[in-house]
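1. sequence plus predicted model, see below.
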Amino acid sequence: MRTVEIIARLTGRGYVAEAQPVCCNLALPDTNCPGIAPNVTCPSGYVMREWACCYTSSHRVWGCIECTKGDSCWNGTFACSDYYPTQYTC
(Lines give C-alpha, C1' and ligand atoms only; values in the text may rest on other atoms or scores of the structure.)
Protein backbone atom coordinates (compact mmCIF):
# COMPACT_ATOMS: atom_id res chain seq x y z
CA MET A 1 0.00 0.00 0.00
CA ARG A 2 1.32 3.41 -0.92
CA THR A 3 1.97 6.02 1.77
CA VAL A 4 -0.57 8.35 0.16
CA GLU A 5 -3.28 5.70 0.50
CA ILE A 6 -2.36 4.98 4.10
CA ILE A 7 -2.47 8.65 5.06
CA ALA A 8 -5.73 9.15 3.15
CA ARG A 9 -7.30 6.25 5.06
CA LEU A 10 -5.99 7.50 8.39
CA THR A 11 -7.31 11.01 7.84
CA GLY A 12 -10.47 9.88 6.09
CA ARG A 13 -10.12 12.62 3.49
CA GLY A 14 -7.79 13.77 0.80
CA TYR A 15 -4.24 13.00 -0.13
CA VAL A 16 -2.31 14.96 2.43
CA ALA A 17 1.05 13.37 1.59
CA GLU A 18 1.63 15.98 -1.12
CA ALA A 19 -1.06 18.46 -0.10
CA GLN A 20 -2.97 20.36 -2.76
CA PRO A 21 -1.01 20.41 -6.00
CA VAL A 22 -0.66 24.07 -6.93
CA CYS A 23 -0.89 23.14 -10.61
CA CYS A 24 -4.66 22.64 -10.19
CA ASN A 25 -5.15 26.32 -9.27
CA LEU A 26 -8.45 25.47 -7.57
CA ALA A 27 -11.05 28.16 -6.98
CA LEU A 28 -11.98 26.79 -3.53
CA PRO A 29 -9.02 24.72 -2.32
CA ASP A 30 -10.39 24.55 1.24
CA THR A 31 -13.93 23.53 0.26
CA ASN A 32 -13.92 19.88 -0.77
CA CYS A 33 -16.72 18.31 -2.76
CA PRO A 34 -18.90 15.59 -1.18
CA GLY A 35 -17.41 12.13 -1.70
CA ILE A 36 -13.84 11.03 -2.26
CA ALA A 37 -12.21 12.30 -5.46
CA PRO A 38 -12.51 11.40 -8.26
CA ASN A 39 -15.96 10.09 -7.21
CA VAL A 40 -17.44 13.34 -5.98
CA THR A 41 -20.96 14.69 -6.28
CA CYS A 42 -21.72 18.25 -7.26
CA PRO A 43 -24.64 20.03 -5.59
CA SER A 44 -27.85 20.38 -7.56
CA GLY A 45 -27.52 22.95 -10.34
CA TYR A 46 -23.71 22.64 -10.56
CA VAL A 47 -21.68 20.85 -13.23
CA MET A 48 -18.44 18.96 -12.62
CA ARG A 49 -15.46 20.20 -14.60
CA GLU A 50 -12.39 17.98 -14.53
CA TRP A 51 -8.85 18.36 -15.88
CA ALA A 52 -5.33 17.12 -15.21
CA CYS A 53 -2.11 18.93 -14.36
CA CYS A 54 1.55 18.09 -13.80
CA TYR A 55 2.89 18.84 -10.33
CA THR A 56 6.54 19.22 -11.23
CA SER A 57 7.98 18.87 -7.72
CA SER A 58 6.65 15.31 -7.45
CA HIS A 59 6.44 14.52 -11.19
CA ARG A 60 2.89 13.28 -10.62
CA VAL A 61 -0.16 14.00 -12.76
CA TRP A 62 -3.07 15.14 -10.59
CA GLY A 63 -6.76 15.15 -11.40
CA CYS A 64 -8.49 18.45 -10.61
CA ILE A 65 -12.23 18.97 -10.09
CA GLU A 66 -14.45 22.03 -9.77
CA CYS A 67 -18.22 22.09 -9.32
CA THR A 68 -19.37 25.25 -11.07
CA LYS A 69 -22.33 26.88 -12.74
CA GLY A 70 -19.97 28.31 -15.37
CA ASP A 71 -19.30 26.99 -18.87
CA SER A 72 -15.71 26.04 -18.02
CA CYS A 73 -13.54 25.20 -15.03
CA TRP A 74 -12.19 28.76 -15.06
CA ASN A 75 -15.36 30.77 -14.53
CA GLY A 76 -18.76 30.76 -12.89
CA THR A 77 -20.09 30.39 -9.39
CA PHE A 78 -18.14 27.64 -7.62
CA ALA A 79 -19.54 25.29 -4.99
CA CYS A 80 -16.49 23.15 -4.22
CA SER A 81 -13.13 21.94 -5.51
CA ASP A 82 -11.18 18.72 -5.19
CA TYR A 83 -8.09 16.90 -6.43
CA TYR A 84 -6.60 13.41 -6.52
CA PRO A 85 -3.36 11.72 -7.58
CA THR A 86 -3.43 9.65 -10.76
CA GLN A 87 -1.23 6.72 -11.68
CA TYR A 88 0.62 8.81 -14.25
CA THR A 89 3.92 10.68 -14.00
CA CYS A 90 5.07 13.72 -15.91
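-> Looks like it came in fine.
2. what's next to the longest strand along the chain, contact-wise?
-> Among the segments of the chain that qualify as a strand by DSSP state E, the longest is strand 78-89. Applying CB atoms under 8 Å, 6 or more residues apart in numbering, the external contacts of strand 78-89 come out as 4, 15, 18, 20-21, 24, 26-29, 31-34, 37-38, 40, 42-43, 46, 52, 59-68, 70. C-betas here are computed from N, CA, C, even on glycine.
3. ok, P29 to Q87 distance?
-> Distance from P29 to Q87, counting by CB to CB, to the nearest Å: 23 Å.
4. looking at those two, which one has more neighbours?
-> P29 (15 against 6; other CB atoms under 10 Å).
5. any idea how far that one is from S44?
-> To S44, P29 is 23 Å away according to CB to CB.
6. before we move on, what about I36?
-> 20 Å.
7. got a list of what the nearest residue to C80 once chain neighbours are set aside touches?
-> Spatial nearest neighbour of C80, excluding adjacent residues (CB to CB, 6 or more residues apart in numbering): C33 at 4.0 Å. Residues near C33 by CB under 8 Å, 6+ apart: V40, T41, C42, I65, C67, A79, C80, S81, D82.
8. now the buried members of the residues you listed.
-> V40, C42, I65, C67, A79, C80, S81, D82 (16 or more other CB atoms under 10 Å).
9. against V40, how distant is the third one?
-> Applying CB to CB, the value for I65 to V40 is 6 Å.
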